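Trainee: Below are the sequence and a predicted model for it; my questions follow.
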Amino acid sequence: MNPSNDHNHRRKKRAQFKHQAGPFIIFFTVLMPTNCVILEQIYFELKMDSKTQLINGFLVCFVYSMAMWSYYQSITIKNYSIDKAILLQDNRRIDPLYKNTNSCQECNKWKPIRTHHCSLCGKCILKMDHHCPWIHNCVGLRNHRAFYLFTMYMTIGAIQYSYASWVYFRFLFQSTQGFFSHQSTFFYIYWGLTSLVLYPTCAMLCFLFFYHTSLIINNQTTLEQMRGGSNGNCCIQNNKPQKSINLFDRGLLSNIAWFFNYSYFWFLPFENVYKQDGGQYPIAPLCSLQDIQINNPQIQIGQVPDQQFDFDKIDQKLEEYMTIAKQKYKSKRLVFIGKEIQLD
Ligand SMILES: [Zn+2]
Ligand SMILES: [Zn+2]
């Protein structure tokens, strides 16, 4: 067997295993938070007054149901490809090497920008973030919100359970009747095993939650972040594109608002359906949103209700813009929509 065949064979086997392990992992992921809720609501005696207990019980159940709903949504929402569309003019600024005629060699189909082929799903995934074995699905354009909310609710739930567990542990530890005299042996084994699984999971969830928060703030995917954020280039220095420039980054509030599809119900894990559904993305005007904001008071950070910036209007204000850009981007060469300006 030659090396490439061997590699392909191992890749196929790994894909098969992950595919088969899927339902088991899903079962396990549902079981763990369920155990925590059962332990906390039925077994722990947290010595709260009845009103606090009621509120606490309600909040625990709310977070639990939201986590399970988000989990279900991230498994079932798919991010498969869409019909071919013509790229918006400002989207053509992204990556001069990118051609809208790119096609996937595996699917033999048009491959829109930010799309990657997933060998485990066997399909092209829009705005692919990563393939997640915990949801037995890819995280991408339409289910990233549900996946993010899943990590958020699980983190909140895990921290809350850890605290309740610690309070009950302290109560048993300080009890004059002895640590093991309050519950059955079954409880102590059940509690021990759940805690054993919970703490590493809790640490992993916290990491995932904070990592994906940073991705949302920067409007990046895991894949793009791993490649140093080189989603495209706008400013060019010494004839070389600046690798770290991320054209999808339109500023903190715009990025967050777009990620949650401009919804007031951002905390509900609905499927995100965007206007330009995966074919193109709103991108930052010129170099940074701050520059434009100074020139055009109508365009404010966070405003941007799912519409593109009007580049013609910005062009009219070019002189004004250049004065500010000159101060900010000294000695850089600026390229946008085919125009090239030397800043000195
Ligand atoms: Zn493909
Ligand atoms: Zn996948």
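Mentor: Structure's in. What do you need? Ligands and ions are numbered 1, 2, ... in the order given.
Trainee: for the chain, where's the lowest mean pLDDT among helices and strands?
Mentor: helix 289-295 (a mean of 36; mean pLDDT, DSSP states H and E).
Trainee: Okay, buried residues for stretch 115-129 please.
Mentor: 115-118, 120-121, 123-129 (16 or more other CB atoms under 10 Å). Heads up, the C-betas are built off the backbone N, CA and C, glycines and all.
Trainee: Spatially, which two of those are the most separated?
Mentor: By the measure CB to CB, Leu120 and Lys127 form the most distant pair in the buried residues of stretch 115-129, at 16.9 Å.
Trainee: Any buried residues in the helix or strand encompassing Leu205, and which?
Mentor: Taking DSSP states H and E as the definition, Leu205 sits inside helix 185-218. Neighbour-count burial for helix 185-218, counted by 16+ other CB under 10 Å, picks out 190-191, 194-195, 198, 201-202, 205, 208-209, 212, 215-216, 218.
Trainee: tell me what that helix is packed against?
Mentor: helix 3-38, helix 144-174, helix 222-226, helix 252-259 (3 or more CB pairs under 8 Å, 6 or more residues apart in numbering; DSSP states H and E).
Trainee: Pipe these into TSV and attach mean neighbour count and distance to Leu59 per row.
Mentor: Below are the helices and strands packed on helix 185-218 laid out as TSV (neighbours: other CB atoms under 10 Å; distance: least, CB to CB, whole Å):
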stretch	mean neighbour count	distance to Leu59
helix 3-38	13	11
helix 144-174	19	8
helix 222-226	15	31
helix 252-259	18	24
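Trainee: Which of the ones you listed sits closest to ligand 2?
Mentor: helix 3-38 (9.2 Å; CB to the ion).
Trainee: Pull out the buried positions in the next helix or strand after the closest one.
Mentor: Using DSSP H and E, the helix or strand that follows helix 3-38 towards the C-terminus is helix 50-76. Neighbour-count burial for helix 50-76, with 16+ other CB under 10 Å as criterion, is recorded at 56, 60, 63-64, 66-75.
Trainee: so which two of these are the farthest from each other?
Mentor: Maximum pairwise distance in these, criterion CB to CB, is 29.0 Å, between Asn56 and Ile75.
Trainee: where does His116 sit relative to ligand 1, distance-wise?
Mentor: From His116 across to ligand 1, the span is 8 Å (CB to the ion, to the nearest Å).
Trainee: any idea how far that residue lies from Asn79?
Mentor: To Asn79, His116 is 10 Å away according to CB to CB, to the nearest Å.
Trainee: For the two, list the residues in contact with both.
Mentor: Counting by CB atoms under 8 Å, 6 or more residues apart in numbering, the shared contacts of His116 and Asn79 are Ile125, Met128.
Trainee: returning to what we had before: tabulate the buried residues of helix 185-218 (JSON lines), appending pLDDT and distance to ligand 2.
Mentor: Below are these laid out as JSON lines (pLDDT from 0 to 100; distance: CB to the ion, whole Å):
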{"residue": "Tyr190", "pLDDT": "86", "distance to ligand 2": "35"}
{"residue": "Trp191", "pLDDT": "87", "distance to ligand 2": "36"}
{"residue": "Thr194", "pLDDT": "87", "distance to ligand 2": "30"}
{"residue": "Ser195", "pLDDT": "86", "distance to ligand 2": "32"}
{"residue": "Leu198", "pLDDT": "83", "distance to ligand 2": "27"}
{"residue": "Thr201", "pLDDT": "83", "distance to ligand 2": "22"}
{"residue": "Cys202", "pLDDT": "83", "distance to ligand 2": "26"}
{"residue": "Leu205", "pLDDT": "86", "distance to ligand 2": "21"}
{"residue": "Leu208", "pLDDT": "92", "distance to ligand 2": "17"}
{"residue": "Phe209", "pLDDT": "94", "distance to ligand 2": "21"}
{"residue": "His212", "pLDDT": "95", "distance to ligand 2": "17"}
{"residue": "Leu215", "pLDDT": "93", "distance to ligand 2": "17"}
{"residue": "Ile216", "pLDDT": "94", "distance to ligand 2": "20"}
{"residue": "Asn218", "pLDDT": "87", "distance to ligand 2": "23"}
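Trainee: Intersect those with the contacts of ligand 1.
Mentor: Among the buried residues of helix 185-218, no residue sits close to ligand 1 (CB under 5 Å from the ion).
Trainee: ok, of those residues, which one's closest to Ser263?
Mentor: Nearest to Ser263 among the buried residues of helix 185-218 is Ile216, at 13.9 Å by CB to CB.
Trainee: okay, stretch 194-201 in CSV with CA atoms only?
Mentor: C-alpha atoms of stretch 194-201 as CSV (Å, rounded to 0.1, in the frame of the first residue of the first chain):
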residue,chain,number,x,y,z
THR,A,194,-21.0,12.9,38.0
SER,A,195,-18.4,15.2,39.7
LEU,A,196,-15.6,13.2,38.2
VAL,A,197,-16.9,13.8,34.7
LEU,A,198,-18.2,17.3,35.3
TYR,A,199,-15.0,19.2,36.3
PRO,A,200,-12.9,18.4,33.2
THR,A,201,-16.0,19.0,31.1
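Trainee: tell me the contacts of the residue in the stretch 201-344 of the chain that ligand 1 sits nearest to?
Mentor: Nearest residue of the stretch 201-344 of the chain to ligand 1: Gly278, at 13.2 Å (CB to the ion). Counting by CB under 8 Å, 6+ apart, Gly278 makes contact with Asn79, Ser81, Ile82, Pro112, Arg114, Thr115, Leu126, Lys127, Leu141.
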